[in-house]
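*Asks:* turn this into a model:
(chains A and B)
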Amino acid sequence: MGVNVNAASVLNRLLHNNTPKPSKTLLPTNAKSLTNSIVADLNSGHLRKAVSVLFNSPIPFPFSLYARLFQLCSSKHAIVEARKVESHLVSFSPTPPIFLLNRAIETYGKCGCLEDARELFDEMPQRDGGSWNAIITAYAQGGCAEKALCLFLCMNRLGVSGNEITFASALGSCGAVLALVLSRQIHGLIVKCGLSGNVILESSLVDVYGKCRVMSDARRMFYEIQKPNAVSWNVIVRRYLDMGQEREAVFMFFEMVRVNVKPLCFTVSNSLVACSRISAVKEGIQIHGLIIKTNIEEYEVVLSSLMDMYVKCRDLENARRIFDMPRSKNLINWTAMVSGYAIDGRTREARELFNEMPERNVISWNAMLVGYIRFFQWEEALDFVFLMRKQSKDIDYVTLGLILNVCTGLWDVELGKQVHGFSYRHGFYSNLFVGNALLDMYGKCGNLISARVWFYQMSHWRDRVSWNALLTSHARHGLSEEAMTIFWEMQGETTPSKYTFGTLLAACANIFALEPGRQIHGFMMRNGYEIDVVIRGALVDMYSKCRCLEYAIKVFKEATSRDLILWNSMVLGCCHNKRGEDVLELFGLMEKEGVKPDHITLQGILLACICEGRVELGRQYFNSMSTKFCIIPRLEHYECMIELFGRYGFMDELEDFVKTMPFEPTVQMLTKVFDACREHRHLKLGEWAANRLNEI
DNA sequence: CTAGGGTTAG
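*Replies:* As a prediction, this is how the structure comes out:
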C-alpha cells in the first residue's frame, strides 16, 4: 500500500525497547502520540497533513479516528484523502467494522465519486442496513435516482428491512423520476413500520405526491402532519406554486405565518413569486411588511423576489425604491428593473438603465428586446438586435424567438429565413419556442407554404401552440375553411385551447361564415369548455356579423359578468344590424351597471344616432365626450358627426362643425361634405369643400 | 452517525 516505516517510528520503537514485530504491542505509546498528532491536525483543519501522517504509519489506529477523518473528508469533498483513509483502514485492520465502511461509502458519495462508493459496497464481505442506506443515499444525492431506486428494490427483495433513512432517500428519488406507484408502496411500508408520525417522511410524501401532480393526495398528506415544520410548509407552498395554483400557495403561506412557524427564505421568495404571477399586490405588500418585521431584508434572494413582485404588479415606484437601496444593485435586480420599465412601455427609461448596467447577460438583453417588441418599436428592436450581436456573444433560444417576432413585425421573411438557418446550424433546430416563433413568422407574413412545410417538419415535437399558430395564420389570411380543416385535424394530436376558439370564431366573423361558427360554438358546449368573457365577445361578434342578432343577444345575456369589450361587441353588433334603438338602450344598461364607456362605445353610440336620425342626441353625446366621459374624440368620431349632419341635411351645423375642428379635414371628410352639399343643395359650403380638395 | 424542502431577472 506504499506505506513506509519512517525514521521516527523506528527511533521511537528503539527508545522504548520494544520488539519490532507485532504492531499491536507497539500501540499504547507510539500509536497514542501519532493519534494525538493526527487529532491536533484535524482540530486545526489540516486534513492533508493528518492523512499524510496516518498514511505513513503502518499501524492500525482507533476506529473513532477513522470516523473523524471520513467526516472531515466529506465536508471538504476531499476524494484523494478519503481513498487514502479507506485503504489504510482496510490494510491495517483485518476486519474493519461495518459502520466504518458505511462511513467510507457515505464519504465517497458526498465527494460525488459514486463508482468508488459502489465498488466498496460490492466488495464488503458483510453489510448491514446502514450500508444499504449509505449507497442508496449516495445515488439519490448524486442525481442517480433510478440506480437508487433499483438498489432500494433489491434491498427489499433480499429481505433487508429499511428504516426512516432508507425511505426518505427512496422518496427523494421517486420525486425526481415521478415514480408515483412506488411512492404509494413506500407510503404503505412507512405506515406498516410505524413511522407514520415522522415529520420528515410525511413532508417527503407531500413533496412526492405534489411532484407527481396529485395535489389532492399531497394536500391530504399535509393535513395529516401533526406539527408541520418550516420544511413541511415550504413543500406545500412550493408544490402549489409549481402546479400553477398561486392562490393556494399564498394562502398556505399566510396560514404558516398564522400558526407561528417562521418561514424560510425560500418560502418567502416562493410566495412572492406566487403573488407576482397573479398580480396580488395586496398580499405582496403584506409579505413585504413581514420581511421587515422578521429582519430578513438582507437576504439577496428575498429582496430580489420582492422587487420582482412589484415589477410584475406594475408598481414600478416601489420596485425602484428597493432597487435604489444600498446593496441591491446586482445583475438580477438590474435586469428586473429594466424589464419592468420595458414591459410597461417606458422603453426609453428602460434603455437608459440598460445602458448604465456594469455587466449584462443574455437575460438582460432579452428583457430589453421584449420591451421594443411589446410596443411595436420594430426599428429600435432591429437596431438593438444588431447591437447585441456585436457586443455580446450570448444568444439563446429566447433571443432567437424574439428576433423572429421582430421579423414578423417588420414583415421581413428574408431575415426570418436567416434566423431559421442560424437555428439549424447552432442546435436550436428542435427547440419548441424557436420552432413555434418560426412557424408564427412564416404564417403571419403570409408565407403559408413555408409555414406548412415547417409545421410538417416539426411533427415529432410540435405542440398545441404550433397548431394554434398554423390555424391563426390561415384564419388571418381569410382562409377560414382551411382553418376549420386544421381545427378538425388537430383533434387527433392535441386538444384545442381558448386561443384556438377565439381565432376560429374571429375567422368566421370576418367572412360571415355562420355555419362553421355555430359548429365551433356547439363543439365548445358539448365538450364543456368554459365560455369566458373573451370567447363570449367573439361569439357575439360572430353571430351579429352573420346577421343572427338574436343569437348574439342570447349569448350576451347569458354572461355572468361583462367587461367593456363584451359590451362593445354587443353595441357594435347592434350597429352592424342597424338596430340603433337597441344601442341606445344598451348604453343605458351599461351606465346602470357602472361600466365606463370608451372611444369604441361612443363610436357605436354615434353610429346608432346616424341610423336612427337622432341628430340632436348625437351632438349632445359628442359634446359631452371629453367633459362627461373623459374621452378625447378621435378621427372616427369627427367622421361620424360629419356623416350625421350631412346625411340629415343639417348644413349650417355641418359648416360650423368642419370649420371649427382642431385639425385639418381629411380627404374623406371633404368628399363627404361635398357629397352632402350636392344632395342638399348647399352651394357655399360645397364650393369651400371643393376648393380645399383641389388644394390637396 | 445517516434523512426531507431549495433561491431572484427574459
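
*Asks:* so for stretch A:456-463, mean pLDDT?
*Replies:* Stretch A:456-463 shows a mean pLDDT of 92.

*Asks:* now do the end-to-end distance for that stretch.
*Replies:* Distance between the two ends of stretch A:456-463: 12 Å, counting by Cα to Cα, to the nearest Å.

*Asks:* for it, buried residues please.
*Replies:* Using 16 or more other Cβ atoms under 10 Å as the test for burial, stretch A:456-463 gives A:Met458, A:Arg462. The C-beta positions use only the backbone N, C-alpha and C, and glycine is treated the same way.

*Asks:* how far off centre is it?
*Replies:* Relative to its chain's centre, stretch A:456-463 lies at 23 Å (Cα atoms, centre = their mean, to the nearest Å).

*Asks:* what are the contacting residues of that stretch?
*Replies:* Taking contacts as Cβ atoms under 8 Å, 6 or more residues apart in numbering, the residues outside stretch A:456-463 that touch it are A:Ser430, A:Leu432, A:Gly435, A:Asn436, A:Leu439, A:Phe455, A:Ser466, A:Glu493, A:Thr494.

*Asks:* A:Cys265: which of the residues you listed is nearest?
*Replies:* Within the contacts of stretch A:456-463, proximity to A:Cys265 (Cβ to Cβ) peaks at A:Leu432, which comes in at 33.0 Å.

*Asks:* can you list the contacts of stretch A:456-463 in JSON lines and add distance to A:Ile631, secondary structure and neighbour count?
*Replies:* Listed next are the contacts of stretch A:456-463 as JSON lines, based on distance: Cβ to Cβ, whole Å; DSSP: H, G, I helix; E, B strand; the rest coil; neighbours: other Cβ atoms under 10 Å:
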{"residue": "A:Ser430", "distance to A:Ile631": "49", "secondary structure": "coil", "neighbour count": "13"}
{"residue": "A:Leu432", "distance to A:Ile631": "43", "secondary structure": "helix", "neighbour count": "15"}
{"residue": "A:Gly435", "distance to A:Ile631": "43", "secondary structure": "helix", "neighbour count": "28"}
{"residue": "A:Asn436", "distance to A:Ile631": "38", "secondary structure": "helix", "neighbour count": "24"}
{"residue": "A:Leu439", "distance to A:Ile631": "39", "secondary structure": "helix", "neighbour count": "27"}
{"residue": "A:Phe455", "distance to A:Ile631": "43", "secondary structure": "helix", "neighbour count": "23"}
{"residue": "A:Ser466", "distance to A:Ile631": "40", "secondary structure": "helix", "neighbour count": "23"}
{"residue": "A:Glu493", "distance to A:Ile631": "46", "secondary structure": "coil", "neighbour count": "12"}
{"residue": "A:Thr494", "distance to A:Ile631": "42", "secondary structure": "coil", "neighbour count": "15"}
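
*Asks:* turn these into CSV, columns for distance to A:Gln71.
*Replies:* Putting the contacts of stretch A:456-463 into CSV (distance: Cβ to Cβ, whole Å) gives the following:
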residue, distance to A:Gln71
A:Ser430, 46
A:Leu432, 47
A:Gly435, 51
A:Asn436, 52
A:Leu439, 57
A:Phe455, 59
A:Ser466, 54
A:Glu493, 56
A:Thr494, 54
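
*Asks:* from these, which is closest to DNA strand B?
*Replies:* Among those, A:Leu432 lies closest to DNA strand B (Cβ to the nearest atom of the strand), at 14.2 Å.

*Asks:* what about that closest one, distance to A:Asn366?
*Replies:* The gap separating A:Leu432 from A:Asn366 is 17 Å, by Cβ to Cβ, to the nearest Å.

*Asks:* and if you look at A:Thr107?
*Replies:* 43 Å.

*Asks:* comparing these two, which shows the higher neighbour count?
*Replies:* A:Thr107 (30 against 20; other Cβ atoms under 10 Å).

*Asks:* following the helix or strand hosting the more buried one, which helix or strand comes up?
*Replies:* Using DSSP states H and E, A:Thr107 maps to helix A:98-110. Following helix A:98-110 in sequence order, the next helix or strand is helix A:114-123 (DSSP H and E).

*Asks:* and that following helix, what does it pack against?
*Replies:* helix A:79-92, helix A:98-110, helix A:129-141 (3 or more Cβ pairs under 8 Å, 6 or more residues apart in numbering; DSSP states H and E).

*Asks:* which among the contacts of stretch A:456-463 gets closest to A:Lys628?
*Replies:* Nearest member of the contacts of stretch A:456-463 to A:Lys628, counting by Cβ to Cβ, is A:Asn436, at 45.7 Å.

*Asks:* just give the closest residue to the closest one, not the sequence neighbours.
*Replies:* Distances taken as Cβ to Cβ, 6 or more residues apart in numbering place A:Val465 nearest to A:Asn436, at 4.9 Å, with adjacent residues excluded.

*Asks:* report how many residues lie close to A:Glu481.
*Replies:* 13.

*Asks:* any idea of the mean pLDDT in the strand or helix carrying it?
*Replies:* Assigned by DSSP H and E, A:Glu481 belongs to helix A:480-490. Mean per-residue pLDDT for helix A:480-490: 90.

*Asks:* ok so, going back, mind telling me what element the residue nearest to A:Asn436 is part of?
*Replies:* helix A:464-476.

*Asks:* report the angle between that helix and helix A:480-490.
*Replies:* 160 degrees (axes from the mean of the first three to the mean of the last three Cα atoms, to 10 degrees).

*Asks:* tell me which residues are up against helix A:464-476.
*Replies:* A:432, A:435-436, A:439-440, A:442-444, A:446, A:448, A:451-452, A:455, A:458, A:480, A:482-483, A:486-487, A:490, A:493-497, A:499-500, A:503-504, A:506-507, A:510.

*Asks:* buried set for stretch A:512-531?
*Replies:* Buried-residue list, stretch A:512-531, by 16+ other Cβ under 10 Å: A:Ala513, A:Leu514, A:Pro516, A:Gly517, A:Arg518, A:Gln519, A:Ile520, A:His521, A:Phe523, A:Met524, A:Tyr529, A:Ile531.

*Asks:* check what pLDDT the third one gets.
*Replies:* In other words, A:Pro516. A:Pro516 is given a pLDDT of 89.

*Asks:* which residues touch it?
*Replies:* A:Ser480, A:Glu481, A:Met484, A:Leu504, A:Cys508.

*Asks:* and what about the nearest residue to the first one once chain neighbours are set aside, helix, strand or coil?
*Replies:* On the basis of Cβ to Cβ, 6+ apart, the spatially nearest residue to A:Ser480 that is not a chain neighbour turns out to be A:Ala507, at 4.3 Å. Here A:Ala507 is helix, with the state taken from DSSP: H, G, I helix; E, B strand; the rest coil.

*Asks:* just to revisit the earlier point, figure out which of the helices and strands packed on helix A:114-123 is closest to A:Thr627.
*Replies:* Closest among these, using Cβ to Cβ: helix A:129-141, at 70.2 Å.

*Asks:* what about A:Pro94, how many residues nearby?
*Replies:* So A:Pro94, with other Cβ under 10 Å, has 7 neighbours.

*Asks:* so it, which state does it fall into?
*Replies:* Note that with three-state DSSP, the state of A:Pro94 is coil.

*Asks:* returning to that earlier point: other SSEs contacting the helix holding A:Thr107?
*Replies:* Against helix A:98-110 (3+ Cβ pairs under 8 Å, 6+ apart) you get helix A:63-76, helix A:79-92, helix A:114-123, helix A:129-141.
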